[in-house]
Structure formats: C-alpha cells, structure tokens
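**Q** whatever this is, show me its structure:
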Amino acid sequence: MNDEFYGILLVDKDKGMTSHDVVAAVRRRFSIKKVGHAGTLDPNATGLLILLLGKATKLSNSFLNEDKIYDAEMKLGQRTDSADCRGKIISEKEVTVTIEEIRAVMAGFIGEIEQIPPMVSAKKINGKKLYKLARAGKIVERPPRKIVIKELDVLKINIPFVEFRVECSKGTYIRQLADDIGEKLNSGGHLTELRRTMSGNFSVRDAITVNRLLKMKKETLRESIIRV
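**A** Got it, this is the predicted structure:
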C-alpha cells in the first residue's frame with residue numbers, strides 16, 4: 001500500500017448514498033486497500049463524511065468522539081416508524097401548536113439528556129445491529145443513553161416544518177431528536193432533511209463532492225489529503 005494515500009479526506013456526501021457506498025467508490029476508483037469513515041451518515045442525509053485512508057483508519061475512534069453540528073428540518077403532525085421521511089407513517093395529528101410553543105419545547109432539549117436509540121440505526125444490541133432487527137420486523141428494548149445537546153437553534157418555522165441547527169455530542173441521533181420533540185409537542189414529528197456541517201474542527205466547506213472526487217486523478221487526490 002502506498003503511503004501517499006495516508007490521512008484524512010473530507011467528502012460532501014450526496015443524498016441517496018450510504019457511507020459505505022462512498023468508501024467503496026473511493027477504494028475502487030483509486031485502488032486504496034484501506035478506506036474507512038469516522039461517523040456514518042444516513043442515506044437520506046448529506047454533508048460532511050470524514051474518510052480515513054491507509055493507516056489513518058486506526059484513528060477512527062478519536063474522530064467519532066468529536067462533537068458534530070447539523071442543519072436539519074422536521075415535519076410536525078406525522079410520526080414514522082423510522083423517525084424520518086423514509087419510514088411508514090404510524091400516526092397523524094393536526095398541528096395546533098404555536099411558534100412560541102415550538103421554540104419553548106425545543107429549548108428544553110438543550111443540555112444533558114437521555115435518548116433512546118432508534119430501531120433504524122447501526123447501534124448493536126446483544127451483538128446485532130438494530131436496523132437489521134427492524135428489517136426483520138423485530139422491536140427490542142433499547143436502554144437510553146446520555147447525550148449532550150450543546151446548542152439547538154431554531155432557524156425557520158413554517159408550520160408544519162421546522163428548520164433547526166444542532167450542536168451535539170457523539171452518539172446523538174437527530175432523527176430521534178425530531179421524534180422526541182414531536183412527542184413533546186403532542187403532535188408527532190419526523191426528520192425530513194439532515195446535513196452535517198461540522199465534525200470537530202472539520203467543516204463541510206472544505207469537503208469535496210463525491211462527483212468531483214471520483215473524477216480526480218491520483219495526483220490531485222494526493223494533494224487533497226490531510227496528513228495526520
């Protein structure tokens with residue numbers, strides 16, 4: 001393996017791709033044996049995906065522990081079985097809350113809170129990934145985890161849609177946050193858009209789109225790698 005492909009590569013992931021899709025495409029396009037990532041993005045999400053190349057794959061945990069910032073949108077009035085727009089609607093209610101009530105409820109989520117991981121997630125329970133159990137129609141008990149919501153800023157409210165920005169600790173599921181906010185408002189809700197803009201000190205502003213990345217020559221790729 002050539003050490004020229006050792007370090008960090010910042011990618012702006014497209015909607016519809018899994019994180020594994022991006023890893024596999026880079027590995028195949030540039031013939032790099034070891035490619036990993038530092039934090040999964042759902043297929044419906046876009047934004048910053050940190051790829052680790054070569055020996056840098058061993059540093060995955062250090063990047064996973066970093067705080068993240070997301071721009072998101074949720075829709076009130078509909079709850080889904082996946083907590084996002086790809087899931088099946090399981091309840092519908094008329095949205096009667098006011099803008100002031102929405103802001104007040106969301107402010108209550110700032111700080112250290114407990115969050116139950118969604119069934120549609122990569123978290124493992126007894127060695128099995130939750131999303132695989134969900135695909136088999138199984139729902140298992142998930143112990144709550146302590147997370148920290150450092151900031152939760154409402155960007156725009158156009159009922160039933162709410163756009164917000166959240167800075168959070170590792171292990172935070174934004175889709176579950178949207179579901180919990182919807183339940184607290186007694187209207188239900190689900191995530192409709194998600195974009196990761198920051199992970200630690202890395203910004204999506206410095207990331208390369210997948211389309212541009214896969215058209216690069218190896219020499220250009222080498223110049224885009226952040227050495228660690």
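**Q** quick check: end-to-end length of stretch 199-217?
**A** End-to-end distance for stretch 199-217, by C-alpha to C-alpha, to the nearest Å: 27 Å.
**Q** in it, what counts as buried?
**A** Residues of stretch 199-217 classed as buried under the neighbour-count rule (16 or more other C-beta atoms under 10 Å) are 199-200, 202, 204, 207-208, 210, 213, 216. Every C-beta, even on glycine, is put in place using the N, C-alpha and C of the backbone.
**Q** same check, this time on stretch 171-185
**A** Buried-residue list, stretch 171-185, by 16+ other C-beta under 10 Å: 172-182, 184-185.
**Q** roughly how far out does the longest strand seen in the chain sit from the chain middle?
**A** Across the chain, the longest stretch assigned as strand under DSSP state E is strand 145-158. Distance of strand 145-158 from its chain centroid, counting by C-alpha atoms, centre = their mean, to the nearest Å, is 14 Å.
**Q** surely residue 64 and residue 39 touch.
**A** Yes. Here residue 64 reaches residue 39: they are 5.6 Å apart, a contact under C-beta atoms under 8 Å.
**Q** what touches both of these two?
**A** Taking C-beta atoms under 8 Å, 6 or more residues apart in numbering as the contact rule, residue 64 and residue 39 touch no residue in common.
**Q** how about residue 49, what does it touch?
**A** Contacts of residue 49 by C-beta under 8 Å, 6+ apart are 10-13, 19, 22, 37, 39, 41, 196, 207.
**Q** which of those fall in strands?
**A** Short answer: the contacts of residue 49 in strands (DSSP E) are 10-13, 37, 196.
**Q** and the buried ones among these, selectable in PyMOL?
**A** Buried residues within these, by 16+ other C-beta under 10 Å, are selected in PyMOL with:
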select buried, resi 10+11+12+13+37+196
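**Q** quick one, domains of this protein?
**A** 3-65+201-224, 68-199 (automatic domain parsing).
**Q** got CSV for those, with mean pLDDT too?
**A** What follows is these, written out as CSV (pLDDT from 0 to 100):
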stretch, mean pLDDT
domain 3-65+201-224, 92
domain 68-199, 90
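**Q** so who does the residue nearest the centre of the chain touch?
**A** Centroid-nearest residue in the chain, with C-alpha atoms, centre = their mean: residue 41, separated by 4.2 Å. Taking C-beta under 8 Å, 6+ apart as the criterion, residue 41 is in contact with 13, 19, 47, 49, 194, 196.
**Q** same thing but at 6 Å, please
**A** Taking C-beta atoms under 6 Å, 6 or more residues apart in numbering, we find residue 41 in contact with 13, 19, 49.
**Q** got phi/psi on it?
**A** phi -120, psi 130 (degrees, to the nearest 10).
**Q** also residue 45?
**A** phi -90, psi 160.
**Q** surely it and residue 194 touch.
**A** Yes. Contact criterion C-beta atoms under 6 Å: residue 45 and residue 194 qualify, at 4.1 Å.
**Q** helix, strand, or coil at residue 96?
**A** Three-state call for residue 96 (DSSP: H, G, I helix; E, B strand; the rest coil): coil.
**Q** can you count the residues close to it?
**A** 12 (other C-beta atoms under 10 Å).
**Q** what do you get for the one 5 residues further on?
**A** Counted with other C-beta under 10 Å, the neighbours of residue 101 add up to 14.
**Q** for it, which non-adjacent residue is closest in space?
**A** Nearest non-adjacent residue to residue 101, counting by C-beta to C-beta, 6 or more residues apart in numbering: residue 185, 6.9 Å away.
**Q** got the contact list for stretch 220-228?
**A** If you take C-beta under 6 Å, 6+ apart as the criterion, stretch 220-228 is touched by 4, 7-9, 56.
**Q** alright, that wraps it up for me.
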